[in-house]
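K.L.:
model this:
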Amino acid sequence: MKSIAPRASYQIGRPFPAVRAAAAQPTRSRKSSALIPIFIFSLALPFFIYIGPIRMSPYRLVLVLTFVPCMIVWLSGTLGRIRLPDILMLSAAAWGAVVLVDIHGAEGLQSAGIFVIETFGPFLFGRRYIRDFFAFQRMVKSLALVVILLLPFAVYENVAGSPILIELFGKIFPVYPIIGSELRLGLRRAQATFEYSILFGVVCSSAFALSFYVNDAPRRRSGLLSSGLVGMAVASSLSSGPLLSLVVQVLLIIWDKVTAHVTRRWGILAAIVITAYVAVDLTSNRTPFDVFISYLTFNADTSYMRVHIWNYGVASVMQHPIFGTGLNEWEHPSWMGGSIDNFWLDIAVQYGIPGVLFMAGGFLSVCFGLGRLKNLSFEAAQCRKGLIITICGLAFSICTVHVWDAPYVLIIFLLGSGMWMFEPRNDVAFAPSAARTLHPARPD
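P.N.:
Reported below is the predicted structural model:
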C-alpha cells in the first residue's frame, strides 16, 4: 500500500498548517447524508414485505436503491483510489455469487444477487456516505441511539417475556417469528427487534467501543454514558457471543489506556496472545479451540455441541474445499441441528476456502491498513481506535455464532465506514472550529 507522506512540521498544542488552512475555509459544510441514520434505523426494523418472490426488508431496500449509484461513484475514483479492502470485499461477494450459480444454476441467481447486495452493498454504502469525521460521528451516534432506544424494551422482555416491538409491528406487517428461549438467570433472553437474542446482542455490542471513543470526542462524559447503556443492552441478550465481544472490547480499551506511553504496545499484545495460544496447545490435552469454547458458553451442552459443529464443519470444508456446499445441507449427524454456530466456519462450508479467505482478508486488511496510518488527527485517531476495537470484538464473538441479515450487513457496513481515513484530505475536519480541537495523534 502506498505510504502517506508526512505532513508539515508543527508545534505541540498548536494546529499544524493543514488544519490552519482548513480553518480558513468556512464554506466546507459539516453536513452528512441523511441516508446514514435512515440506514442505521432500518437495520432495527423487524418487518418486511415481498416483492414477487423476494423478501424485501427496510435495510435491503436502502441497499438496492443505492447499490448502483454507489458503484458508479466508487468506480469513478471520486472516493479515492481502489484499495485492497475494496478488492477483497468485492471478491468475497463475487465468489459467493459464482458458487451459488455454479451449484444451484438458475435457481441460485436470486440468492446470488442478494448475497452481492448484502456483502458488497453495505461496504460501498459506508465507503460513499461516510467521508469524514462528522459523518462517522453521526453514524456512531445513530447506532448508539438505536441500541439505547431498544434497551427499555429489552429489559421489559427480560422480565415479562414478551418482545413487544415485534408484536406491535406484527399487527401490520409480516415480522420475524418470536423465538422461544430458555430462561437464563431467571430472565428471558431479549430478542428485541431481531430474529434471535444473540443477533440482538451482536448488534448492540457493535456500538460499545465506538461510543466510548467517538461520541463527542474529545469529551468523555457522553461516550462513557452511551457505552455504559450499550453494555446494559448487550447484557440483556444473555448470550455468550455478544458478551464475548463486549469483554474483548473492554480488555482492549483497558490495554489502550494502561499502555498509552508504551511503544509498540499492540505488537506486544499480539505476542502475548500468540504465546498464550501456544501454551494452551502444548499443556492441554484438548485443542485451543475446545478450551476456548468451553469457557465461553453458558452450559456444558452448548460447549459440547459447538465442538462437534467445528469438527464436522471442518470435515465438510475438506470434502468441498473450493466451491463449498452452497445452500445445500452440509453433512452432519441427524442428532445435530443444521445451524453452524460459527460465522467463519459457516462461510467456509457454504463458499469454500476461497470464500472465507476473501472475507477474513477484508476484515484484516481494514484493521492492519488503518493501524499503519501515521499522523492522523486526534478525532480520526479516536475513530480508528473505536473501529478497530469494535471489529476485533465482533471477529471473536462470531467465532461462536453465525450472523445473517441485518447484523451481517451492519458488520460489513462498519468495515466500509472507516475507509475515509485512508484518504489524507479527509483526515481533518474542514470547519472553522477544527483548529481548536484537532492535533496529530501519537503513532501507536
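
K.L.:
just checking, residue 374 is part of a helix?
P.N.:
No. Residue 374: not assigned to a helix; according to DSSP: H, G, I helix; E, B strand; the rest coil it is coil.

K.L.:
Just the pLDDT for it.
P.N.:
Looking at residue 374, its pLDDT is 87.

K.L.:
what number of residues lie near it?
P.N.:
Residue 374 has 13 neighbours, counted by other C-beta atoms under 10 Å. Every residue, glycine included, has its C-beta placed from N, CA and C.

K.L.:
Begin at 41, not 1, for the rest of this chat.
P.N.:
Let's use 41 as the start, then, which means that last one is residue 414.

K.L.:
Over to it: give its phi and psi.
P.N.:
Main-chain torsions, residue 414, degrees, to the nearest 10: phi -120, psi 160.

K.L.:
where's it relative to residue 420, distance?
P.N.:
For residue 414, the distance to residue 420 equals 11 Å [C-beta to C-beta, to the nearest Å].

K.L.:
Kindly report the same for residue 245.
P.N.:
Counting by C-beta to C-beta, the separation of residue 245 from residue 420 is 23 Å.

K.L.:
now swap in residue 325 and tell me
P.N.:
With distances taken as C-beta to C-beta, residue 325 is found 47 Å from residue 420.

K.L.:
Look at these two and report which has more neighbours.
P.N.:
More crowded of residue 325 and residue 420, by other C-beta under 10 Å: residue 420, with 26 against 6.

K.L.:
Name all residues that make contact with residue 253.
P.N.:
263, 422, 423, 425, 426, 429 (C-beta atoms under 8 Å, 6 or more residues apart in numbering).

K.L.:
ditto for residue 449
P.N.:
With C-beta under 8 Å, 6+ apart, residue 449 has these contacts: 83, 99, 103, 158, 161, 162.

K.L.:
give me the low-pLDDT residue ranges for the protein?
P.N.:
41-71, 221, 256-262, 329-330, 333-342, 465-484 (pLDDT under 70).

K.L.:
What segments of it are strands?
P.N.:
Taking DSSP state E to define them, one finds strands in the chain at 89-91, 94-96.

K.L.:
how about the last one: buried residues?
P.N.:
By neighbour count, and taking 16 or more other C-beta atoms under 10 Å as the criterion, strand 94-96 has no buried residues at all.

K.L.:
Quick check: neighbours of that strand in the sheet, parallel or antiparallel?
P.N.:
strand 89-91 (antiparallel) (DSSP bridges).

K.L.:
Which positions within the partner strand qualify as buried?
P.N.:
In strand 89-91, no residue is buried by neighbour count (16+ other C-beta under 10 Å).

K.L.:
Just give me how far that strand sits from the chain centre.
P.N.:
Computed by C-alpha atoms, centre = their mean, to the nearest Å, the chain-centroid distance of strand 89-91 equals 27 Å.

K.L.:
ok, now stretch 435-448?
P.N.:
9 Å.

K.L.:
any idea how far residue 85 lies from residue 294?
P.N.:
35 Å.

K.L.:
Also residue 138?
P.N.:
From residue 138 to residue 294 the distance is 43 Å (C-beta to C-beta).

K.L.:
So those two - more neighbours on which side?
P.N.:
For residue 138 versus residue 294, neighbours defined as other C-beta under 10 Å are more numerous around residue 138 (16 against 10).

K.L.:
gap between residue 236 and residue 372?
P.N.:
Residue 236 is 20 Å from residue 372, where distance means C-beta to C-beta.

K.L.:
now do residue 249
P.N.:
Taking C-beta to C-beta, one finds residue 249 at 35 Å from residue 372.

K.L.:
Tell me which of those two has more neighbours.
P.N.:
Shown here are residue 249 and residue 372; by other C-beta under 10 Å, residue 249 has more neighbours (31 against 18).

K.L.:
Double-check that one against residue 433; I have them as touching.
P.N.:
Yes. Between residue 249 and residue 433 there is a contact at 6.8 Å, judged by C-beta atoms under 8 Å.

K.L.:
which non-adjacent residue is nearest the residue most central in space within the chain?
P.N.:
The centroid of the chain falls nearest to residue 451 when counting by C-alpha atoms, centre = their mean (2.6 Å). Nearest residue to residue 451, sequence neighbours excluded (C-beta to C-beta, 6 or more residues apart in numbering): residue 434, at 5.7 Å.

K.L.:
Now for the one you found: which residues touch it?
P.N.:
Residue 434 sits next to 242, 245, 246, 285, 451, 454 when contact means C-beta under 8 Å, 6+ apart.

K.L.:
Give me the subset of these that lies in helices.
P.N.:
Among those, the members falling in helices are 242, 245, 285, 451, 454 (criterion: DSSP state H).

K.L.:
Please render the residues you listed as CSV that adds distance to residue 227 to the earlier fields.
P.N.:
Listed next are the ones in helices among the contacts of residue 434 as CSV, based on distance: C-beta to C-beta, whole Å:
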residue, distance to residue 227
242, 19
245, 18
285, 20
451, 26
454, 29
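
K.L.:
and which of those residues is nearest to residue 275?
P.N.:
Closest approach to residue 275 among those (C-beta to C-beta): residue 245, at 10.1 Å.

K.L.:
I'd say that closest one and residue 274 touch.
P.N.:
Yes. Counting by C-beta under 8 Å, residue 274 is a contact partner of residue 245 at 5.0 Å.
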